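> pasting the sequence and the predicted model now:
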Amino acid sequence: MIFTVAIDGPAAAGKGTIGRAVADRFGFRHLDTGLLYRAVAVAGGDPVEAARHLTPEDLQRGDLRTLEAGRAASRVAALPEVRAALVDFQRRVARSEGGAVLDGRDIGTVICPEAEVKLFVTASPEVRAHRRWLEVGGDAGRVLAEVKERDARDMERADAPLQAAWDAVVIDTSAMGTDEAVEAACAVVARRFAKRT
Ligand code: DC
């Protein structure tokens, strides 16, 4: 059975939490595609070469989830050659046997436009910055500025910019707790999954 759940949206909207929970609930694989760009960014050297030679071990590094790695990832993600080098791997995972959940920025628009379910998970910049701040601490104003800067870069780049696919279901998690957001996503997936099997 091939069944892809594409989850796109801006930084800290809850995509990862929702993606993992959906994958657990339905027994699908889960790929956080942001990790690919983060691993390329922290590899050092030529990012295009790093993207072409990325290994599973590169995705295990302990320093991929920092604010700095996120900011650097957003920069290398604007390079078309980097994106092109990562497409085949993501497509293979998306269409692998047994079902897959991929979260990122361009999954429903570029990587897997044929995905059976497309979710666009979003929240206001203030809410997302507050969640990030709870994780990383530091100066709250700076975290908000970072979130807005990353949104602008991810949305304004020429190649595969962050945008909702026309057929995506939008879930705004601004006023939702984790459980509510997960249930909203699982309800959409369950409806589509029931129709298909
Ligand atoms: O989801 P994240 O914060 O881990 O992503 C880090 C950066 O990687 C993000 O700012 C943009 C880029 N990215 C992308 O361009 N396309 C994806 N599918 C996933 C992430």
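Nice, thanks for sending it over.

> longest helix in the protein, by residue count?
Ranked by residue count under DSSP state H, the longest helix found in the chain is helix 178-196.

> how about residues contacting that one?
For helix 178-196, contacts defined as CB atoms under 8 Å, 6 or more residues apart in numbering pick out 3, 5, 7, 14, 17-18, 21-22, 25-26, 116-117, 119, 121, 169, 171, 173, 176. The way it works is simple: take the backbone N, C-alpha and C, and place the C-beta from them, glycine included.

> in helices, which of those fall?
Under the assignment DSSP H, the contacts of helix 178-196 contribute 17-18, 21-22, 25-26 to helices.

> which single one of those is nearest to G45?
Of all the ones in helices among the contacts of helix 178-196, G45 sits closest to T17, with 32.3 Å by CB to CB.

> and for the nearest residue to that closest one once chain neighbours are set aside, the neighbour number?
Residue nearest to T17 in three dimensions, not counting chain neighbours: T178, with 5.9 Å by CB to CB, 6 or more residues apart in numbering. Here the number of neighbours of T178 (other CB atoms under 10 Å) works out to 12.

> how much space between T178 and A115?
Here T178 is placed at a distance of 23 Å from A115 (CB to CB, to the nearest Å).

> quick revisit: pLDDT at the residue nearest to T17, what is it?
Looking at T178, its pLDDT reads 95.

> what parts of the chain come near the ligand?
With CB under 6 Å from any ligand atom as the criterion, the chain meets the ligand at residues 11, 33-34, 37-38, 70, 73-74, 77, 104-106, 150, 154.

> next step: these restricted to strands.
Judged by DSSP state E, the subset of the residues of the chain next to the ligand located in strands is G104.

> quick one: the longest helix of the chain to helix 15-26, angle?
Comparing the axes of helix 178-196 and helix 15-26 via axes from the mean of the first three to the mean of the last three CA atoms, to 10 degrees yields an angle of 50 degrees.
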